[in-house]
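In: below are the sequence and a predicted model for it; my questions follow.
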Amino acid sequence: MEKFVAYNPTKLFFGSKCVSSMSKYLPSLGSKALIITGKHSAKKIGVFDDVISQLRQANISFVEYSGIKPNPVVDDVQKAIELGRSENVEMVIAIGGGSVIDSAKIIALCIPQNHHPWKVMKGIQKPVKALPLVTVLTLAATGTEMNQFAVLQNDETHEKLGFGSPLIFPTMSFCDPTYTLTVSKEYTAWGLVDIVAHCLEAYFGNGQAYLSDKIVVSILKEVIEIGDQLLIDLKNYELRERMMWASTCALNGITLHGRKSGDWGVHDVAHHLSALFDIPHGASLSVVYPAWLKLFKKPLSERISWLGNEVFGVKNANATIKKLELLFMFWNCPINLSMLQLKPKQIDEFIALLRQHKPTGMIQPITEEQLVELVELMK
């Protein structure tokens, strides 16, 4: 194994009605909160009212910024930062899925020193402190509720970037699977793909980490087992519970211990699909991952084959990739650009953007020639 540091300061509360304990812990973080939400779902499913009730019990005042969209954009984050600073908030509370929580992470990071979110994402400004962040999860997918990563999009430059800092670990996260019972079939499926992709990004990282490999296999088996059932029984609490915990574990660090890093090349490429065409994150991943495996099948043949044997019971790389495609298709997720209904002109725009930004992996570099080949494999 590679040398590693295991660190996760997030205190995670998991289970039905876990939000009811929030009022005990919030006063230690401050007396005024900035609440970040998406468009409508937090209020529609009742989680917003549950959180407000806890704030009132704790005598904590609040202001709200709502309207964070899937594939969150820097403009919304900047507006929320300005609101937080003008209201002198002392903590940030995110109620939502990955887009809301990722936005809240950058908001909490930028408020203290009035940093600009895109300059932070680009590494131009380097914050040294952040406001405490509390998250209430409503969508199992990204694992952001227990990690130090955030993704943000710039619609002007068609960039979607990832950022990581120990400063943006949530202080506390409340994960009640009840709040995911109304998630649509589409978003549930895309969430399952996101979990799979996080596992694979870690697995194809650098370093021999046998236990981490086995943890990856266990999470993959779990989501495959529950996914088939959950997509025909969306209101099954036990299955939602299992999916939520699998999502958290897929990107809270335990799959990466013993490795220098994951690869993340698939995410980097997939982000360009989202940035250019506003394609849901999970749908972009289900298109890119099989193509990426085909592109690097030769150097990664042994790794792909071992994974296929452990997860799917198949013996070679080709069969493993086919099984992954069939899994995504069974979940009704796209596996090629035609299923995304992209026209030839749009595919050319996608290639041009890839050539401009040159996305690549941390372990498997992707040349410009390979980027074009990757798009061909995605057709």
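Out: Noted; the coordinates are in hand. As the structure is a computational prediction, the values presented were derived from the model and not from experiment.
In: can you give me the strands in the stretch 1-150 of the chain?
Out: Ranges of strands in the stretch 1-150 of the chain, per DSSP state E, counting those that start in this stretch, are 11-14, 32-37, 61-65, 91-96, 133-137, 149-154.
In: for the last one, the distance to its chain's centre please.
Out: Just to be clear, that refers to strand 149-154. Relative to its chain's centre, strand 149-154 lies at 10 Å (C-alpha atoms, centre = their mean, to the nearest Å).
In: using PDB, write out every CA atom in the helix or strand following that strand.
Out: Next helix or strand after strand 149-154 toward the C-terminus (DSSP states H and E): strand 159-164. Extracted C-alpha coordinates of strand 159-164, given in PDB (Å, rounded to 0.1, in the frame of the first residue of the first chain):
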ATOM      1  CA  GLU A 159     -16.100  24.600 -17.500                       C
ATOM      2  CA  LYS A 160     -17.200  22.300 -14.700                       C
ATOM      3  CA  LEU A 161     -14.400  21.900 -12.100                       C
ATOM      4  CA  GLY A 162     -13.800  19.900  -9.000                       C
ATOM      5  CA  PHE A 163     -12.300  21.300  -5.800                       C
ATOM      6  CA  GLY A 164     -11.100  19.700  -2.600                       C
END
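In: tell me the domain boundaries of this structure?
Out: 11-180, 185-378 (automatic domain parsing).
In: state the mean pLDDT of the last one.
Out: What that stands for is domain 185-378. Domain 185-378 shows a mean pLDDT of 97.
In: heads up, I number from 27, so please use that
Out: Sure, I'll start counting at 27 from here, so that last one is domain 211-404.
In: ends of it, what's the gap?
Out: This stretch, domain 211-404, spans 24 Å end to end (C-alpha to C-alpha, to the nearest Å).
In: still on that earlier bit, highest average neighbour count across the strands of the stretch 27-176 of the chain?
Out: strand 117-122 (a mean of 29; mean count of other C-beta atoms under 10 Å). Every C-beta, even on glycine, is put in place using the N, C-alpha and C of the backbone.
In: pLDDT averaged over that one, what's the number?
Out: Strand 117-122 comes out at a mean pLDDT of 98.
In: that one vs strand 58-63, what angle?
Out: 20 degrees (axes from the mean of the first three to the mean of the last three C-alpha atoms, to 10 degrees).
In: strand partners of strand 117-122, parallel vs antiparallel please.
Out: strand 58-63 (parallel), strand 159-163 (parallel) (DSSP bridges).
In: so how far is it from its chain's centroid?
Out: Counting by C-alpha atoms, centre = their mean, strand 117-122 comes out at 16 Å from the chain centroid.
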